[in-house]
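>>> Have a look at this prediction, sequence included:
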Amino acid sequence: MQSMIVDLRSDTVTKPSPAMLAAMMSAKVGDDVYGEDETVLELEAKTADIFGMECGLFCPSGTMTNQIAIKCFTNPLDEVIADETAHVYRYEGGGIAFNSAASVRLLYGDRGRLTPELIEPAINPDNIHNPVSSLVVLENTVNRGGGSYYYLSDIEPIYHLCKLKGLKLHLDGARIFNALVETGDDPKAYGELFDGISVCLSKGLGAPVGSVLLGRKETIKKAKRIRKVLGGGMRQAGFLAAAGIYALDNNVDRLKEDHANARAIGEALLALPYVASVMPVDTNIVIFRLDESQNAEHFVEKLAHHGIKCNTFGKQMVRFVTHLDVSTTMIDHVIETLKKIY
Ligand SMILES: *Cc1c(COP(=O)(O)O)cnc(C)c1O
């Protein structure tokens, strides 16, 4: 047990399995800036097909797919509507201002989830004093919401509102498959509701690099230009795309195991005297609050001495994220350690 390292900082820390590496090594590649990498084209078409979208664009990161989508769907001086926890606002370095010269209207949803009732009053009237509201961004699952998720039926009324008011709708689906394995919703229906969808391959799906932006043909044409300007046009990227194809074929259904592991940790935490509260564990993210006697930074250091890596998540808060490189044996070690450290 002494040498076991359990990395719960994020689901981005996964490393390619031997089978994924084998798929990467045998990929057929070409220059993707010339549109000649057949593995990239296959990944883009495959991902688009899963979500009932016309086209896909392979990019180096989810930050890039989100930022490209925002640039595609806004004009300078427009306003983007998002929850205050949104990754596009909190964790993309202020990119909305830098890349799109747009402002952001922040809403306070239920664990990051928006409703038409919250969105409608935030849509500006057609008045020269106000920025033009042009885009709503949803996140599914919501990272800062502790992995909370939307059902398709929650999104439909938001889609109708956006359509009625002439706003575009983008999905930050960095962890969309975590939502889908819980809801059982048909991913194809997502293509009907969203103008853009960003899907990460390098989170729970276990690929080393990459995200795909999905949209209509004309959106992706524009997106390709923006990707080039941002320096995201990659050459023989098929080696990376092959990992993405492997991930989509092999690592989606198993996300349920990550959710079960996260729930096991969540349940154990509830019984501990030094834990003040635990957010509901809906998918693969566990966020909990330590009681007033504890210091989150010390707590994280203490766990590190036992080979468990995790992050603080604000004052008194700690976050664990489960993923495909975390086994049930590791989970048992985490739970035993949590029980004995105080
Ligand atoms: C990780 C993540 C992204 C994209 O992050 P990259 O590290 O740029 O790939 C986007 N949105 C959410 C909610 C995320 O968790």
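Structure's in. What do you need?

>>> my read: Gly109 touches Ala82, true?
No - assessed by CB atoms under 8 Å, Gly109 is found out of contact with Ala82, at 9.4 Å. Placement of C-beta: from N, CA and C, glycine included.

>>> of the two, who's got more company?
Ala82 (29 against 21; other CB atoms under 10 Å).

>>> Give me the pLDDT value at the nearest residue to the more buried one once chain neighbours are set aside.
In space, Ala82 comes closest to Val137 once its chain neighbours are excluded; the distance is 4.5 Å by CB to CB, 6 or more residues apart in numbering. Val137 carries a pLDDT value of 99.

>>> Tell me the spacing between Val137 and the ligand.
10 Å (CB to the nearest ligand atom, to the nearest Å).

>>> So that residue, which state does it fall into?
Of the three states, Val137 takes strand under DSSP: H, G, I helix; E, B strand; the rest coil.

>>> can you pull the contacts of it?
Contacts for Val137 (CB atoms under 8 Å, 6 or more residues apart in numbering) come out as 66, 70, 80-82, 86, 88, 170-172.

>>> ok, now Arg111?
Neighbour list for Arg111: 85, 142, 145-146, 148, 279 [criterion: CB under 8 Å, 6+ apart].

>>> Ok, Leu167 next?
The contact partners of Leu167, by CB under 8 Å, 6+ apart, come to 81, 123, 133-136, 161.

>>> do the same with Phe194
Phe194 touches 53, 159, 169-171, 214, counting by CB under 8 Å, 6+ apart.

>>> if we go to 7 Å?
169-171 (CB atoms under 7 Å, 6 or more residues apart in numbering).

>>> out of the residues you listed, who's nearest Ile287?
Proximity of the contacts of Phe194 to Ile287 (CB to CB) peaks at Leu171, which lies at 21.9 Å.

>>> Model confidence score at the closest one, please.
Taking Leu171 on its own, its pLDDT is 98.

>>> dump the residue contacts of it.
Neighbours of Leu171 in contact, by CB under 7 Å, 6+ apart: 138, 140, 190, 194, 197-198.

>>> That one - that's part of a helix, no?
No - under three-state DSSP, Leu171 sits outside any helix and is assigned strand.

>>> What's the separation between it and the ligand?
10 Å.

>>> Spell out which residues of the stretch 1-150 of the chain are next to the ligand.
By CB under 6 Å from any ligand atom, the residues of the stretch 1-150 of the chain that approach the ligand are 61-63, 66, 87, 139, 143.

>>> is it true that Ala262 touches Val326?
No - using CB atoms under 7 Å, Ala262 is not in contact with Val326; the gap is 9.3 Å.

>>> Which residue ranges make up each domain of the chain?
The record's domain split for the chain, according to automatic domain parsing, is 6-13+254-340, 18-250.

>>> winner for burial among those domains?
domain 18-250 (a mean of 20; mean count of other CB atoms under 10 Å).

>>> Setting aside sequence neighbours, what's the nearest residue to the closest residue to the ligand within the stretch 101-250 of the chain?
Using CB to the nearest ligand atom, the closest approach of the stretch 101-250 of the chain to the ligand is made by Ala174 at 3.4 Å. Closest residue in space to Ala174, ignoring its immediate chain neighbours: Cys200 at 4.2 Å, by CB to CB, 6+ apart.
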